[in-house]
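> predicted model, plus sequence, below.
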Amino acid sequence: MTDTPAVRVRGLRRTYGDRVALAGIDLDVTCGEVLALLGPNGAGKTTTVEILAGLRARDDGEVRVLGEDPARAGLTWRSRVGVVTQGAADLAELTVGEAVRHFAHYHPDPRDPGEVLDLVGLADRARARIRTLSGGQRRRLDVALGVLGRPRLLFLDEPTTGFDPQARRQFWALIRALAAERHTTILLTTHYLDEVEALADRVVVVAAGRVVAEGDPATLGGRATARSTVRWTGGQRDTDNPAALVADLTRRYGGTVPGLSVTRPSLEDAYLELIGAPS
Ligand SMILES: Nc1ncnc2c1ncn2[C@@H]1O[C@H](COP(=O)(O)OP(=O)(O)OP(=O)(O)O)[C@@H](O)[C@H]1O
């Protein structure tokens with residue numbers, strides 16, 4: 001890790017016609033971390049990622065990605081940034097191996113194409129035409145292409161949308177392996193709260209083009225210190241001291257408390273509260 005942030009954004013604004021997509025976003029991503037950008041549909045996540053990746057223009061604000069302005073950065077910068085967006089290129093008639101070998105030529109110091117296919121679990125599909133891949137395999141190929149150039153920073157825009165549960169777990173293992181490599185910073189957008197808990201060191205919540213919260217997934221929205229809810233057959237109560245209440249119930253029931261559970265707000269509870277969703 002270094003002290004220079006991988007991403008530094010101040011006052012980022014973008015409108016489409018009279019629709020304000022980004023109303024002044026501030027964002028810092030530290031080198032080596034996995035940062036999740038979370039927010040409801042239309043919050044501005046894709047717009048933010050695409051501006052940071054140099055794929056979209058901004059109206060206003062200061063943006064530094066790996067120390068450069070993506071609107072002006074050149075080929076050397078581009079080779080240090082990996083992008084996996086929602087609209088992947090149309091490569092249907094190539095085989096998996098051909099695609100990876102072809103795109104390796106775009107990078108000054110590419111990873112070995114065979115190693116990349118191993119990394120994403122596609123080695124046994126190298127000879128398959130891309131149009132024959134399943135949705136999950138296709139996304140893995142997108143990631144393979146995104147990491148070919150040994151990026152210092154990897155953008156993943158909703159990488160597991162449409163995956164089955166097993167494919168999501170495998171994908172998480174892949175992202176963890178990448179994150180464990182030195183110098184790979186990951187900025188991930190997602191709608192899945194379990195994905196944030198599984199992968200992210202830090203989470204930034206955006207809603208209507210603004211940052212509404214940021215922090216550690218375990219403590220977001222004050223959930224680590226929030227009141228607990230104790231439920232049992234026949235009752236429920238919110239309390240700051242669940243241990244005392246459970247002890248009291250245990251005495252009252254003369255032993256086992258029927259249907260006992262003690263819960264704190266989940267990340268989903270904290271998130272829905274932060275974005276102002278009706279409960
Ligand atoms: N090319 C475009 N032209 C016009 N409006 C756009 C365009 N792209 C995005 N917008 C609008 O900008 C706002 C932010 O969209 P964006 O795609 O960045 O949100 P998002 O958080 O990625 O949403 P989702 O979770 O649905 O992918 C939305 O109101 C959207 O309708």
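Looks like it came in fine.
> how near is Phe103 to the ligand?
Distance from Phe103 to the ligand, counting by CB to the nearest ligand atom, to the nearest Å: 25 Å. (Each C-beta comes from the backbone N, C-alpha and C, glycine too.)
> what sits against that residue?
Leu145, Leu148 (CB atoms under 8 Å, 6 or more residues apart in numbering).
> then Thr160?
By CB under 8 Å, 6+ apart, the neighbours of Thr160 are Arg139, Ala167, Arg168, Phe171, Trp172, Thr190, Tyr192, Glu195.
> listing partners with orientation, what would you give for whichever helix or strand Leu187 is part of?
Under the criterion of DSSP states H and E, Leu187 resides in strand 185-190. Here strand 185-190 has these sheet partners by DSSP bridges: strand 34-38 (parallel), strand 153-157 (parallel).
> and after the helix or strand hosting Arg64, which helix or strand comes next?
Counting by DSSP H and E, the element that carries Arg64 is strand 60-65. Sequence order places helix 75-79 as the next helix or strand after strand 60-65, per DSSP H and E.
> got the residues of this structure near the ligand?
Residues of the chain lying close to the ligand by CB under 6 Å from any ligand atom are Tyr16, Arg19, Ala21, Gly39, Asn41, Gly42, Ala43, Gly44, Lys45, Thr46, Thr47.
> so which of these are in strands?
Secondary structure from DSSP state E places Tyr16, Arg19, Ala21 of the residues of the chain next to the ligand in strands.
> select from those residues the one having the most neighbours.
Neighbour counts for those (other CB atoms under 10 Å) peak at Ala21, which has 21 neighbours.
> show me the shaky parts of this protein.
Within the chain, the stretches with pLDDT under 70 are 1-3, 86-89, 182, 277-279.
> domain boundaries for it, per the record?
Domain assignment of the chain by automatic domain parsing yields the ranges 7-221, 224-274.
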